[in-house]
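# Got a sequence here, can you model it:
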Amino acid sequence: MKTSAPASACPAPHQPLAERLRPRNLGQVVGQQHILGPGMPLRLAFESGRPHSCILWGPPGVGKTTIARLMAEAFDAQFISISAVLGGVKDIREAVERAEAARAGLMPQRTIVFVDEVHRFNKSQQDAFLPHVESGLFTFVGATTENPSFEVNSALLSRAVVYVLQALTVDDLRQILAFAQAGSWLPAIEIEAQERLLAYADGDARRLLNTLETLAVSAEQAGLQRMDDAWLLSVLGQQLRRYDKGGEQFYDTISALHKSVRGSDPDAALYWLVRMLDGGADPRYLARRIVRMAWEDIGLADPRAIQITNDAAQTYERLGSPEGELALAQAVIYLAVAAKSNAGYLAYKKARTLVQQEGTRPVPLHLRNAPTRLMKQLDYGRGYRYAHDEEDGFAAGATYLPDGMEPPQLYQPVPRGLEIRIGEKLQQLRARNAAAQAGQEPGQDGADEPPG
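A predicted model of the protein is given here:
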């Protein structure tokens with residue numbers, strides 16, 4: 001949820017603080033300037049006066065509902081909100097009836113149908129919107145914390161623009177905190193306590209404001225005029241076991257996880273993973289790091305690790321927390337016990353260094369593509385040996401590097417896991433190349449099938 005400076009026409013005081021501080025116009029919105037700033041896509045849509053169906057995809061508390069409501073106000077449209085958690089086809093039918101009534105009234109009015117947590121609707125429920133979106137009866141706005149590519153029907157997705165909302169920055173949250181403190185009912189908050197609150201909010205304005213409201217009640221009961229860090233810890237306790245995403249503790253802990261995987265200690269790796277999850281680290285960030293670990297530290301010694309980590313990341317996208325965290329945990333265990341190799345990682349780094357040092361050497365003529373007669377006349381592709389037509393599918397003695405470049409042997413397999421067989425295969429192929437280039441009859445040492 002987005003928040004704003006208190007408006008002159010504020011909602012009733014009994015409403016939650018997050019609702020009272022909800023922006024009443026685009027100028028009051030904090031954050032999301034990549035889509036709402038001057039000249040940005042969604043801002044242009046607001047200014048054009050022509051609403052369009054869209055999906056607002058982003059983490060909790062970043063402004064999805066607020067943007068939908070502001071769209072209704074900007075376009076003078078009837079706003080109908082449906083919760084996919086509690087609603088169903090009956091609610092969709094009622095929305096259709098209300099939209100038809102608004103369009104047929106004495107003063108026809110547009111309708112915006114906002115579906116919160118749209119990924120919770122099944123296929124048939126999502127399909128119920130299609131004919132009405134297609135006919136223009138209403139503008140559909142869906143909000144989701146899950147990847148719409150997986151969770152929203154392709155037919156509905158093709159009729160809506162996807163806007164990606166980002167977690168609010170610390171500066172955004174600090175501005176929201178200042179707005180909230182402008183209310184005289186909230187006790188003063190010491191700087192250290194403010195920083196802890198901002199880290200705890202973790203980019204979520206709703207969490208920040210709900211926590212502030214809880215603290216205000218507790219402070220009033222305790223007769224406090226000022227909230228310090230020690231009191232904050234005593235009131236919120238374990239809820240404040242959060243990570244500052246840019247802080248040293250966060251990076252120290254992810255480093256411990258990575259080094260535990262590399263060191264083949266599944267218990268330690270699992271411990272650090274759960275420490276981060278318990279501390280509020282974004283599981284999607286952890287999923288990306290786990291996939292990176294598979295490529296950097298396991299590599300071709302056990303290619304199954306790459307598949308398992310990708311599957312785990314996709315499983316988390318589908319299930320979310322807490323169910324999807326089990327997939328991440330088991331992927332970390334597998335990485336820790338898998339055979340280790342950084343040979344591919346080192347080869348890639350060496351290749352980048354080599355390219356930077358060597359500059360842009362020309363592609364040898366026999367490797368060039370020759371789609372035209374002129375290129376063939378210029379000897380493009382002449383002398384190229386098609387490996388599948390060669391004995392054992394290997395053109396012994398053929399070269400593929402730029403002319404004059406010595407074979408750099410960037411990739412050096414380690415004697416672990418599948419790379420043992422890969423190393424043996426490379427040794428055989430290199431021996432056949434050397435024999436062929438020396439003018440000897442190529443042997444059959446490398447005729448085996450590639451390692452599977």
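
# which intervals of the stretch 201-350 of the chain have sub-threshold pLDDT?
237-249 (pLDDT under 70).

# residue boundaries of the strands in it?
Using DSSP state E, counting those that start in this stretch, the strands of the stretch 201-350 of the chain run over 226-227.

# what about R352, which helix or strand?
helix 343-358 (DSSP states H and E).

# okay, which residue is most central for the chain?
In the chain, the centroid-proximal residue (Cα atoms, centre = their mean) is R284; its distance is 6.1 Å.

# Excluding covalently adjacent residues, which one is nearest to that residue?
Nearest non-adjacent residue to R284, counting by Cβ to Cβ, 6 or more residues apart in numbering: Y316, 7.0 Å away. C-beta here means a position set from N, CA and C on the backbone, and glycine is covered the same way.

# I'd guessed the one you found sits against Q330; true?
No: counting by Cβ atoms under 8 Å, Y316 does not reach Q330; the two are 11.4 Å apart.

# Who has more neighbours out of these two?
Y316 (22 against 15; other Cβ atoms under 10 Å).

# Contacts only, for that one.
P283, R284, A287, G324, E325, A327, L328 (Cβ atoms under 8 Å, 6 or more residues apart in numbering).

# how many other residues sit next to the third one?
Around A287 there are 23 other residues, counting by other Cβ under 10 Å.

# same thing with the last one?
Other residues near L328 come to 25 when the count uses other Cβ under 10 Å.

# Same check on Q32?
25.

# wait, what's in contact with it?
Q32 makes contacts with K2, V62, G63, I67, L165, Q166, as judged by Cβ under 8 Å, 6+ apart.

# Also L277?
By Cβ under 8 Å, 6+ apart, the contact set of L277 is P283, L286, S321, E325, L328.

# can you do 6 Å?
By Cβ atoms under 6 Å, 6 or more residues apart in numbering, L277 lies in contact with E325.

# Give the rounded mean pLDDT of the host helix or strand of A434.
Here A434, judged by DSSP H and E, is contained in helix 419-437. The average pLDDT within helix 419-437 is 91.

# Next, the buried residues of that helix.
E419, I422, G423, E424, K425, L426, Q428, R432, N433, A435, A436 (16 or more other Cβ atoms under 10 Å).

# tell me the angle that helix makes with helix 343-358.
If you take axes from the mean of the first three to the mean of the last three Cα atoms, to 10 degrees, helix 419-437 sits at 40 degrees to helix 343-358.

# related to what we said a few turns ago, how near is the residue nearest to the centre of the chain to W295?
Here the criterion is Cβ to Cβ, to the nearest Å. By it, R284 lies 17 Å from W295.

# go on, R206?
When R206 is compared with W295 (using Cβ to Cβ), they lie 36 Å apart.

# neighbour-wise, which of those two wins?
R206 (20 against 16).

# Verify the stated contact: that one with E19.
No: contact criterion Cβ atoms under 6 Å: R206 and E19 do not qualify, at 9.8 Å.

# ok, back up a step: alpha carbons only: can I get the helix holding R352 in CSV?
The C-alpha atoms that make up helix 343-358 are tabulated as CSV, following Å, rounded to 0.1, in the frame of the first residue of the first chain:
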residue,chain,number,x,y,z
ALA,A,343,36.0,-25.3,-13.8
GLY,A,344,33.3,-23.9,-16.0
TYR,A,345,33.2,-20.7,-13.8
LEU,A,346,37.0,-20.3,-14.1
ALA,A,347,36.9,-21.0,-17.9
TYR,A,348,34.3,-18.3,-18.4
LYS,A,349,36.3,-15.8,-16.5
LYS,A,350,39.5,-16.7,-18.4
ALA,A,351,37.6,-16.4,-21.7
ARG,A,352,36.4,-12.9,-20.8
THR,A,353,40.0,-11.8,-19.9
LEU,A,354,41.3,-13.4,-23.2
VAL,A,355,38.7,-11.5,-25.3
GLN,A,356,39.6,-8.2,-23.6
GLN,A,357,43.3,-8.8,-24.2
GLU,A,358,43.1,-10.1,-27.7
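
# Pull the helix or strand following it out as PDB, backbone CA atoms only.
The helix or strand immediately downstream of helix 343-358 is helix 373-377, counting by DSSP H and E. Extracted as PDB, the C-alpha positions of helix 373-377 are listed here (Å, rounded to 0.1, in the frame of the first residue of the first chain):
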ATOM      1  CA  ARG A 373      26.700 -16.300 -54.100                       C
ATOM      2  CA  LEU A 374      29.100 -13.400 -53.500                       C
ATOM      3  CA  MET A 375      30.100 -14.700 -50.100                       C
ATOM      4  CA  LYS A 376      30.700 -18.100 -51.600                       C
ATOM      5  CA  GLN A 377      32.900 -16.500 -54.300                       C
END
